[in-house]
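> Structure for the following, please:
(one chain, ligands or ions: 1)
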Amino acid sequence: MEIILGKTAGFCGGVLNSVSKAEQYVLDNKEVYCLGELVHNKQVVDKLKDKGIKFVESLDEVPNETKCIIRAHGVSKDIYQDAKERNIELYDLTCPKVLKIHNDVVNYVNDDYFIVLVAHKNHPEVIGTISFCGEDSFIVQTLEDIEECINKIKKSGKKKIVILAQTTYSTDLFAEISNKMKNLLDNDYEVLINNTICNATEIRQKEMKEIAKIVDAVIIIGGKNSSNTTKLYNISNDLCSNTYLVETVNELNDDFSKYNKVGVMAGASTPKESIDEVITYLNKF
Ligand code: SF4
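This is a model prediction of the structure:
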């Protein structure tokens, strides 16, 4: 059996930076908290727990005057203020690409834009980003949300609209949604499309398409709650019906000897060990 491993499989630069800095930080400091999962991967989070980082869901669980890491996805604006008031020292490991979006939206708000964020409403990155967007903003998750968004734009009285994306959103769907919105808003509006999908995500999705087209089966390794991993699964599954999504090798129990060519891809927060374990498993066939 031939195994085709994606060149882009595994940690992106942002995740690598956050995980390595968190590992060092817990070595240098006694009591360290992390607000939410640093990255969307259970194996990575468990390893950091073993090293001593305490993971909490809310800043209320962090004692005053201690240290708290901000996850790679970023957090909402109020967290920075609350931490300051309670003398909690924040170690901000938000990916620089997400921080850039926070800065950009603040500039757009100051420049009187209505902000449309094409994104998954409940994703931590989106909860963070939308908190910087002010009242005149809207999250479009699917094509069905466009009508409600346009009604809100009209009510706001704003004439300048900017459309941005969650860093791990689907490139194809972002293009479809943003172009549809631009066409629906008449000439009275100035519509700016700012594709903020991370290039690491775009390149990986592109590679996923190429691999899924030429193999008999695809294994995608990544957290079930990881947005970019879910996108990889959807892309692959559209092109190759034998697509498997697993967090670890333990979930693989199929007989892969029935396939001649198997593709392997992993999300941006999947550690190398998880990928190596799958490759070792496939080599048995
Ligand atoms: S996928 Fe992109 S935006 Fe997300 S953590 Fe990685 S580098 Fe940053």
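
> which parts of the stretch 101-250 of the chain sit against the ligand?
Neighbours of the ligand within the stretch 101-250 of the chain, by Cβ under 6 Å from any ligand atom: 167, 168, 198, 200, 201. In this view, the C-beta of every residue, glycine as well, is placed from N, C-alpha and C.

> and residue 33, which of the three is it?
For residue 33, the reduced secondary structure class is strand; criterion used: DSSP: H, G, I helix; E, B strand; the rest coil.

> Equivalent analysis for residue 102, please.
Applying three-state DSSP to residue 102 yields a three-state assignment of helix.

> Tell me the pLDDT of the residue nearest to it when sequence neighbours are not counted.
Computed as Cβ to Cβ, 6 or more residues apart in numbering, the closest residue to residue 102 that is not its neighbour in sequence is residue 132, at 4.9 Å. The predicted local distance difference test score for residue 132 is 98.

> do you know how far residue 175 is from residue 195?
Computed as Cβ to Cβ, to the nearest Å, the residue 175 to residue 195 distance reads 8 Å.

> Next up, the contacts around the closest residue to the ligand within the chain.
When Cβ to the nearest ligand atom is the measure, the chain has its nearest residue to the ligand at residue 14, with 2.5 Å between them. Counting by Cβ atoms under 8 Å, 6 or more residues apart in numbering, residue 14 makes contact with 72, 95, 96, 97, 98, 198, 200, 268.

> can we see that at 6 Å?
Applying Cβ atoms under 6 Å, 6 or more residues apart in numbering, one finds that residue 14 lies in contact with 72, 95.

> So it belongs to a helix, correct?
Yes: secondary structure of residue 14 (three-state DSSP): part of a helix.

> pLDDT at the nearest residue to residue 7 once chain neighbours are set aside, what is it?
With Cβ to Cβ, 6+ apart as the measure, residue 207 is the residue that lies nearest to residue 7, at 6.5 Å, once sequence neighbours are left out. With respect to pLDDT, residue 207 scores 97.

> name the element residue 207 belongs to?
Under the criterion of DSSP states H and E, residue 207 resides in helix 199-214.

> Pull out the CA atoms of that helix and give them to me as PDB.
Taking only C-alpha atoms (Å, rounded to 0.1, in the frame of the first residue of the first chain), the coordinates of helix 199-214 have been written out as PDB:
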ATOM      1  CA  ASN A 199      -2.500  31.200   4.400                       C
ATOM      2  CA  ALA A 200      -1.500  28.100   6.400                       C
ATOM      3  CA  THR A 201      -5.200  27.100   6.300                       C
ATOM      4  CA  GLU A 202      -5.500  27.900   2.600                       C
ATOM      5  CA  ILE A 203      -2.400  25.900   1.600                       C
ATOM      6  CA  ARG A 204      -3.500  22.900   3.700                       C
ATOM      7  CA  GLN A 205      -7.000  22.900   2.200                       C
ATOM      8  CA  LYS A 206      -5.500  23.100  -1.300                       C
ATOM      9  CA  GLU A 207      -3.200  20.200  -0.600                       C
ATOM     10  CA  MET A 208      -6.100  18.200   1.000                       C
ATOM     11  CA  LYS A 209      -8.000  18.500  -2.300                       C
ATOM     12  CA  GLU A 210      -5.100  17.300  -4.400                       C
ATOM     13  CA  ILE A 211      -4.500  14.300  -2.200                       C
ATOM     14  CA  ALA A 212      -8.200  13.300  -1.900                       C
ATOM     15  CA  LYS A 213      -8.500  13.300  -5.700                       C
ATOM     16  CA  ILE A 214      -5.800  10.600  -6.200                       C
END
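
> helices and strands around that helix, which ones?
Secondary-structure packing of helix 199-214 (3 or more Cβ pairs under 6 Å, 6 or more residues apart in numbering; DSSP states H and E): helix 227-239.

> What segments of the chain are strands?
Applying DSSP state E to the chain gives strands spanning 2-5, 32-35, 54-56, 67-70, 89-92, 113-118, 137-140, 160-165, 190-193, 217-221, 243-246, 261-266.

> any chance of those strands in a markdown table, with mean neighbour count, mean pLDDT and distance to residue 282 too?
As requested, those are arranged in a markdown table below (neighbours: other Cβ atoms under 10 Å; pLDDT from 0 to 100; distance: least, Cβ to Cβ, whole Å):
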| stretch | mean neighbour count | mean pLDDT | distance to residue 282 |
| --- | --- | --- | --- |
| strand 2-5 | 16 | 97 | 5 |
| strand 32-35 | 22 | 98 | 33 |
| strand 54-56 | 15 | 98 | 32 |
| strand 67-70 | 23 | 98 | 35 |
| strand 89-92 | 15 | 97 | 38 |
| strand 113-118 | 26 | 98 | 36 |
| strand 137-140 | 22 | 98 | 39 |
| strand 160-165 | 23 | 98 | 34 |
| strand 190-193 | 16 | 97 | 41 |
| strand 217-221 | 27 | 98 | 8 |
| strand 243-246 | 19 | 97 | 11 |
| strand 261-266 | 24 | 98 | 6 |
